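Q: When you get a sec, could you give me coordinates for this:
(chains A and B)
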Amino acid sequence: MRAFTELFAILIIGLTLGGALSWMSIQSNHGFGTLKIGQWTAWPQSGSIDADPYTKAKVAADGDVPLGAAEGLAFHATVDLRGDPLRLDCQYNIQGQTPPARFWTLSAHSIDGHVLKTPLGNASNIISRSLLRGTKGDFVVSTGPQLASGNWLETTGIGPFQLIIRLYDSPITGASGISGAKMPTIELVGCPT
Amino acid sequence: MNRSFYVLALAFVLAGIVHILIILLIPNYATKDAWTKLAGVAEPWKFSILSQPGSETGILPLVDPAFGTAACRYDLNEAPLWVSAGGNLPFWSVAIFDRQGRNIYSFNDRTAIEREMLLIVLDPVQMAQLRKNPPKETEKAVLVESSVKQGFVLVRALQENPSWSAEVRRFLREAQCKRFEARSG
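A: Alright, predicted model coming up:
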């Protein structure tokens, strides 16, 4: 009887722990093969045939079709500079520079990856080619529900969300490009009280 | 006391095995991976439009709203794959994925020959046959050899601003995905 109880305990603990570990390791901000720059995370190997098993599992579970090496690289951010989750009802300043690329896009997505819309029904996104920049090529994008001068990425609603910067046709996807790459910071400006 | 330690150690070993098995098996059994979802909405050998700029259809997550995308499933057991599209967009890219959603090959308008999208995917045997007697229409094509037989092609077309909307639609609508029949000569 005791042996049976022990066997049962082994099975329960083993299966639960194994399952939980697997679930955790494919969640958006965990896992192996990640490239972190500031608040931004990318999976440079996610599209490749020699990606590690964790990245492969994550891609399959998300149903994602990652950008290929000649296409570009996507960086995700779910937290701001202080480490707090991004909120749709707050205003943020995204400022700094991106690694070299032919162009890049910035878009707001729900945590499960859907494209977010503005109240007018347009997608919340910006393309770098239409961006207003400073004299040194740096930029500030304001995101949030309140109209901002300069570059504005409009968001609406409440709850957490993620920002995605996709660099297209960028040398960063090659083996040499990743070291020393800089990404913009995401700074909280204010939230409605 | 020793015995319960032993039980716990065994449980951890089992957890490790279960974890490794799950991670390795997910790509083969995922029910909402890109291929499975494509198979539900798209015929093989034909481009299906998955998203138009500014919107998403919900077939694929994480699409870039600045892009229109179209995908086409193929099977090299039937024939080599021929993909072509024309147009003067500021940016387009094409990527080939295997059944598990892994990227086999990709290129964009600048890495293409004369900025034209013309792509032929072949298995090693078909490639050897083509090399022996290359038909004229393959001269400008990007030839990709793939030992993986089944997969899909995904085309992304940038809509830089709304004035490109009609051109992006035309580009995706007229993109061709078909069986490549090599004519001799």
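
Q: Quick check: what element follows the worst-scoring helix or strand of chain A on mean pLDDT along the chain?
A: Least confident helix or strand of chain A, by mean pLDDT, DSSP states H and E, is helix A:53-62 with a mean of 81. Downstream of helix A:53-62, the next assigned helix or strand under DSSP states H and E is strand A:72-77.

Q: now what about that following strand, what contacts it?
A: For strand A:72-77, contacts defined as Cβ atoms under 8 Å, 6 or more residues apart in numbering or on different chains pick out A:28, A:37, A:39-44, A:66-67, A:86, A:101, A:104, A:162-170, A:172-173, A:183, A:186, B:62, B:93. All C-beta spots, glycine's among them, are computed from the backbone N, C-alpha and C.

Q: Could you identify the buried members of those?
A: Neighbour-count burial (16 or more other Cβ atoms under 10 Å in any protein chain shown) applied to the contacts of strand A:72-77 gives A:37, A:39-44, A:66-67, A:86, A:101, A:104, A:162-170, A:172-173, A:183, A:186, B:62, B:93.

Q: Any stretches of chain A with poor pLDDT?
A: Applying pLDDT under 70 to chain A flags residues A:28-31, A:174-178.

Q: And stretch A:42-60, end to end?
A: Using Cα to Cα, to the nearest Å, one end of stretch A:42-60 lies 16 Å from the other.

Q: Other residues contacting it?
A: A:22, A:25-26, A:31-35, A:64, A:66-69, A:73-76, A:172-173, A:178, B:22-24, B:26-27, B:30, B:33, B:95, B:98, B:100-104, B:106.

Q: Please, a ChimeraX command that selects the buried ones among these?
A: Burial among these is assessed by 16+ other Cβ under 10 Å; the matching ChimeraX selection reads:
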select /A:22,25,26,31,33,34,64,66,67,68,69,73,74,75,76,172,173,178 /B:22,23,26,27,30,33,95,98,100,101,102,103,104,106
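
Q: Now do the strands in chain B.
A: For chain B, applying DSSP state E gives strands covering B:48-51, B:67-75, B:81-85, B:92-98, B:103-108, B:117-122, B:142-145, B:150-158, B:176-179.

Q: do you know which of the ones you listed lies nearest A:Asn151?
A: strand B:150-158 (18.6 Å; Cβ to Cβ).

Q: any idea of the mean pLDDT for the closest one?
A: Averaging pLDDT along strand B:150-158 yields 92.

Q: got it, and stretch B:31-43?
A: Computed over stretch B:31-43, the mean pLDDT rounds to 81.

Q: Export that stretch to CSV, keeping only CA atoms.
A: Listed next in CSV are the C-alpha coordinates belonging to stretch B:31-43 (Å, rounded to 0.1, in the frame of the first residue of the first chain):
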residue,chain,number,x,y,z
THR,B,31,-3.1,22.3,-33.1
LYS,B,32,-3.0,26.1,-33.7
ASP,B,33,0.4,26.3,-35.4
ALA,B,34,0.6,28.2,-38.7
TRP,B,35,0.4,25.1,-41.0
THR,B,36,-2.7,23.7,-39.3
LYS,B,37,-4.5,27.1,-39.5
LEU,B,38,-3.5,27.6,-43.1
ALA,B,39,-4.8,24.1,-44.0
GLY,B,40,-8.1,25.1,-42.6
VAL,B,41,-8.5,28.2,-44.8
ALA,B,42,-6.3,27.9,-47.8
GLU,B,43,-6.2,25.6,-50.8
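
Q: what ranges do the helices span in chain A?
A: A:2-25, A:53-62 (DSSP state H).

Q: JSON lines for those, including distance to B:Pro53?
A: Putting the helices of chain A into JSON lines (distance: least, Cβ to Cβ, whole Å) gives the following:
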{"stretch": "helix A:2-25", "distance to B:Pro53": "34"}
{"stretch": "helix A:53-62", "distance to B:Pro53": "22"}
